[in-house]
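1. Predicted structure and sequence below. I'll ask about it afterward.
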Amino acid sequence: MISLTWARLLPSAVGRLAATWQVEFVGLERMQALRAARQPRVSVLWHEHLVPLLWLNRRSGAVILASQHADGRRLAAVSQRWGYDIADGSSTRGGAMALRRMVRVVCGGGEVAIAADGPRGPRRAAKAGAGFVAAHAGAVIVPVAAAASRCLRLRSWDRLIVPAPFASVRVVYGDPVFPGPPDTARTDAVRRLVQHGLDDATEVAGC
């Protein structure tokens, strides 16, 4: 769990840290092309990569799916300070309403971001939420991963990373996943596609 102290310190601390990072983007042209074409899109990531990815994509205008648990509320507060809008909910609390809101955002040409293994894990085990949103909005899913040459890892279920000063940070935008139209028979197949996409992006990132 993210402590209240961490939640208060993160926004200003990450800004100062990020000024020292050496950042490399891999596959960024994929995301830029989707944004330029206003292609409906859903970004998926592992919960542990939230800090560098939220900071480095803070001008994207994305809507973030945030848990109503205490640690989710604290991360939501950090995200809002970086310019994100929040859809409150998770797979365990308030999820259906939040997912429907995200469908509306994507259908309107917006971008949403979902931690595929959130809000409570298991770590790096994709759930079905991103596939639901993408299928109902006619969107593509873009796996995104991050890694740092040196980082602090919190003692939380996700082992959240905060890249260290002067770390080399690599951000990978993986191959888009096309879930197709809504079909309950394909739900698990799409979840597996998201899992494989994130596993591949994470491997390329080197994390």
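-> Noted; the coordinates are in hand.

2. Could you measure from the residue of the chain positioned farthest from its centre over to residue 135?
-> Ranked by distance from the centre of the chain (CA atoms, centre = their mean), the top residue is residue 185, with 25.4 Å. For residue 185, the distance to residue 135 (CB to CB, to the nearest Å) stands at 12 Å. All C-beta spots, glycine's among them, are computed from the backbone N, C-alpha and C.

3. Show me the residue at the heart of the chain, geometrically.
-> Nearest to the geometric centre of the chain sits residue 45, at 3.8 Å (CA atoms, centre = their mean).

4. what residues are up against the residue nearest to that one when sequence neighbours are not counted?
-> With CB to CB, 6 or more residues apart in numbering as the measure, residue 144 is the residue that lies nearest to residue 45, at 4.8 Å, once sequence neighbours are left out. Residues in contact with residue 144 (CB atoms under 8 Å, 6 or more residues apart in numbering) are 31, 43-45, 49, 53, 57, 113, 171-174, 201.

5. among the residues you listed, who's most crowded?
-> Highest neighbour count within these: residue 44, with 29 neighbours (other CB atoms under 10 Å).

6. if we can go back for a sec, looking at the contacts of residue 144, which is nearest residue 17?
-> Within those, proximity to residue 17 (CB to CB) peaks at residue 53, which comes in at 14.2 Å.

7. Going by contacts, tell me the helices and strands next to the strand or helix carrying that closest one.
-> The secondary structure element spanning residue 53 is helix 50-56 (assigned by DSSP states H and E). Other elements packing on helix 50-56 under the criterion 3 or more CB pairs under 8 Å, 6 or more residues apart in numbering; DSSP states H and E are helix 4-18, helix 70-81, strand 140-148, strand 161-163, strand 168-173.

8. repeat that with 7 Å
-> Counting contacts by 3 or more CB pairs under 7 Å, 6 or more residues apart in numbering; DSSP states H and E, helix 50-56 is packed against helix 4-18, strand 140-148, strand 161-163, strand 168-173.

9. Done for today, thanks.
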